[in-house]
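In: got a sequence here, can you build the structure:
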Amino acid sequence: MFNIMYSRYVLTIGALIVIAMVDVLYFSKPKISTKAQHKAYAVLIIANTCILVFEHLIMFAFGLDLPFNVCCIVLQLRDLSMIAYFSFILFYYYAAVNESQYNNLWAMLREEIFTGNKKKLLPHFIFTIIFVVVHFFLPYTHVTKETYSLAFGGPAFYATIAYCVITTLETIIIILFISKKKIDFSEKASLVWLFSLMLVILFCQPVFTDIAIMGIVSAIYVLGLYFILENPDLEMVETIDSLTKEIDNANRTKFDFLSNVSKEMVSPISTITTISGNILNEDSDSAKLHDNIQQIEAASKNFLEIMNNTLDISNVEGENGALTEGNYSLISILNNLVGTIREKLTSEKVKVILKVDNSIPNNLYGDSAKISQILNNVVSNAIKYTEVGKVNISVTQEVKNSKTILKFTVIDTGFGIKEEDYDKVFQKNIRLEEAVSSGAEGTGVGLTIAKNYVDLLEGKIWFDSIYGAGTTFYIEIPQKVVDAETTIGSVKEAEIAYAAEGNKKIDCSNYRILIVEDDHLNLEVTKRLFERYGFKIDTCQNGRECVFKYKKGEKYDMILLDHIMPEMSGIEAMQIIKKLQDYQTPPLVALTANTFTGSRDMYLEEGFDDYLAKPIDVVELDTLIHKFFGKKKD
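Out: Okay, here's the model as predicted:
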């Protein structure tokens, strides 16, 4: 009997030493990952340590011949530790197969037990609570010192074994049959290891009641799991390998993208260079000269679009999920969209139909710049790849709780997309065969940017397409409603067609403006554009000169300021002018080459009255002139 007691003590103390070593190894090493499964493993180690400590307390209690009730309390604590241990084995594997969804163990448990929609772990939680309550009322076998069975017996003991077996089977069922994630070899190996040890507990513990098989086997499993899955050194090697692959893929993607952009840039630059040479070398012919200049303008716009898209995709990748939210007018976004459509239409063969649900609230809260960019990119893409026919745009809504889900549909009669190319549509460095063969130019990142922004806004974007007949894009974006009473009712169905002539120019000969620009060539180009309207024009080359002129009493009907200038920037000059007392401040317009998505909002937030991007688009310039001078009287 002494040998039985001694062997039990030696095996248990050996298991405790092993688990203590695992404790030291695991908790002393820095962790690269903080995933939920690793947190669950840490709890497993602690629970296993508690099991073995309580095993020793049981031996001491019986060795000191303490009252049986005291011994039962220790037995209950040991079994509760065992219940926690096997529950966290389940949680460990559940976190492993849902690692993309959860990084925090307690957030996972809260979501899957209490607050989530599916509550997949709720049945196990209820089963565990019921079991614990029932377990408190189950007796242990009364033992005597002569047998040294140390209370391994009775309903409470066998119930604990049953719980461990059920939880193990539940774990295996969830991993192998319910989870959709394909588990790797190491995870399969750990499951086999778990099942094998569970069989040892099931068949050996009831027979060899004098040996703490459950505690010892639990320690063996934790040790095995450490070497199979949880060793921080192995994790570090895997993380380094994963990061190396990600870096290689990123470098390859960037190389392909830059290669594509470089090729696309060659075409417009070559066109500009060649035609400019023809103009300089050929005899003057007004008709031919006009055609050549139109071709230069088209090539320049294409080049500008390539550069803007390249900057936009770089900006998207650098934003890291940043949103710039605020109150905005949906009508304003749609008006900007109409301006974009007029600019993109280059043929009478294509017409754009815009239809808006008049019951949509106009005053919303969200990131208006990103919504505008999404619409511009999708609609521009539809126009670009439609040679003849129509592009139909509809705007509707679905009210859900306190939000409205804006629904945009863009239907074109363009080339369509082959089914085998569906997966390539939103990839940033992929241009489909139809886009290349049609001669449509660009980097092919417009839809990539749109997809990134839609995801950022927690919306959805998808498409249907019939090859040769056209494509339909669907966009859904949830937005908060600021004022449900004020609807967008004034917007009516409109047909937008190509117009060779823009808006009739306003006579601005009675108005005086100041252009602040440090680049001489840009200054001359800007002057010529405004001279077409008859403005009296004054100029200066930095913000300090601008402020000096204004303080001196020079009267202007508008001041256009470049952003980055020597001595004083445009923003600094604008802020000083707005702070001056007893001066009648004219409209202050940011004139800048900063054309990142959201630049307009940024400058308006700084205090500018409007924004004009360089190089200046004549449609945007005309819109600006009509806005500030269209209703003025000479």
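
In: nearest the geometric middle of the chain, what residue?
Out: Geometric centre of the chain, nearest residue: residue 456, 4.5 Å, by Cα atoms, centre = their mean.

In: quick one: pLDDT of it?
Out: We have a pLDDT of 87 for residue 456.

In: how about residue 545?
Out: 94.

In: give the bridge partners for the closest residue to it other than its chain neighbours, please.
Out: Residue nearest to residue 545 in three dimensions, not counting chain neighbours: residue 516, with 7.4 Å by Cβ to Cβ, 6 or more residues apart in numbering. Bear in mind the C-beta positions are built from the backbone N, C-alpha and C, glycine included. Judged by DSSP bridges, the bridge partners of residue 516 are residue 540, residue 561.

In: and residue 516, how far from residue 540?
Out: 5 Å (Cβ to Cβ, to the nearest Å).

In: again with residue 427
Out: 47 Å.

In: looking at the two, which is more packed in?
Out: Neighbour comparison, residue 427 and residue 540: the larger count goes to residue 540, with 22 against 17 (by other Cβ atoms under 10 Å).

In: is the more buried one in contact with residue 549, as I believe?
Out: Yes - if you go by Cβ atoms under 8 Å, residue 540 and residue 549 touch, sitting 6.3 Å apart.

In: which neighbours do those two share?
Out: Common neighbours of residue 540 and residue 549 (criterion: Cβ atoms under 8 Å, 6 or more residues apart in numbering): residue 514.

In: hmm, back to that, what's the overlap in contacts for residue 516 and residue 540?
Out: residue 546.

In: wait, residue 450 touches residue 371, no?
Out: No - contact status for residue 450 versus residue 371: not in contact, 10.3 Å apart, counting by Cβ under 8 Å.

In: other SSEs contacting the longest strand seen in the chain?
Out: Looking across the chain with DSSP state E, the single longest strand is strand 470-487. Here strand 470-487 touches strand 361-366, helix 368-384, strand 389-400, strand 403-412, helix 446-456, strand 460-466, going by 3 or more Cβ pairs under 8 Å, 6 or more residues apart in numbering; DSSP states H and E.

In: show me which positions of it end up buried.
Out: 470, 471, 473, 475, 476, 477, 478, 479, 481, 482, 487 (16 or more other Cβ atoms under 10 Å).

In: what does stretch 521-533 give?
Out: Applying 16+ other Cβ under 10 Å to stretch 521-533 flags 522, 523, 526, 527, 530, 533 as buried.

In: next one, pLDDT for the third one please.
Out: Meaning residue 526. Taking residue 526 on its own, its pLDDT is 86.

In: surely it meets residue 513?
Out: No - counting by Cβ under 8 Å, residue 526 stays clear of residue 513, with 10.0 Å between them.

In: joint contacts of these two?
Out: residue 560.

In: residue boundaries of the strands in the stretch 251-400 of the chain?
Out: Along the stretch 251-400 of the chain, counting by DSSP state E, counting those that start in this stretch, strands occupy 326-329, 350-356, 361-366, 389-400.

In: how about low-confidence regions in the stretch 501-634 of the chain?
Out: Filtered on pLDDT under 70, the stretch 501-634 of the chain yields the residue ranges 501-505, 595-598, 631-634.

In: ok, which stretches of it are helices?
Out: For the stretch 501-634 of the chain, the helices defined by DSSP state H, counting those that start in this stretch occupy 520-531, 543-552, 570-579, 599-606, 618-629.

In: of those, which approaches residue 64 most closely?
Out: helix 599-606 (75.2 Å; Cβ to Cβ).

In: any idea how many residues pack against residue 384?
Out: 20.

In: again, but for residue 599
Out: When neighbours are defined as other Cβ under 10 Å, residue 599 has 18 of them.

In: who touches the nearest residue to residue 577 once chain neighbours are set aside in this structure?
Out: Counting by Cβ to Cβ, 6+ apart, residue 577 lies nearest to residue 550, which is 5.7 Å off, once chain neighbours are set aside. By Cβ under 8 Å, 6+ apart, the contact list for residue 550 reads 514, 556, 559, 577, 580, 583.

In: any chance of the residues you listed in CSV with distance to residue 115 and neighbour count as columns?
Out: Shown next, in CSV, are the contacts of residue 550 (distance: Cβ to Cβ, whole Å; neighbours: other Cβ atoms under 10 Å):
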residue, distance to residue 115, neighbour count
514, 59, 22
556, 59, 22
559, 55, 27
577, 53, 20
580, 55, 11
583, 57, 13
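
In: which of these sit farthest apart?
Out: For these, and using Cβ to Cβ, no pair is farther apart than 514 and 580, which are 14.8 Å apart.

In: domain ranges for the chain?
Out: Taking automatic domain parsing as the reference, the chain has its domains at 2-230, 232-320, 326-497, 512-629.

In: before we move on, back to that, report the two of the buried residues of strand 470-487 separated the most.
Out: Farthest pair in those, by Cβ to Cβ: 470 and 482, 35.9 Å.

In: returning to what we had before: out of the helices of the stretch 501-634 of the chain, nearest to residue 25?
Out: Comparing the helices of the stretch 501-634 of the chain by Cβ to Cβ, helix 599-606 comes nearest, at 51.3 Å.

In: which residues touch that closest one?
Out: Contacts of helix 599-606 (Cβ under 8 Å, 6+ apart): 324, 326, 368-369, 563, 571, 574-575, 590, 592, 610-611, 613.

In: how about 10 Å then?
Out: Here helix 599-606 makes contact (Cβ atoms under 10 Å, 6 or more residues apart in numbering) with 315, 324, 326, 328, 336, 367-370, 372, 561, 563, 570-571, 574-575, 588-594, 596, 598, 608-613.

In: put the buried members of these into a ChimeraX selection.
Out: To isolate the buried members of the contacts of helix 599-606 in ChimeraX, using 16+ other Cβ under 10 Å:
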select :328,336,367,368,369,370,372,561,563,570,571,574,588,589,590,591,592,594,596,598,608,609,610,611,612,613
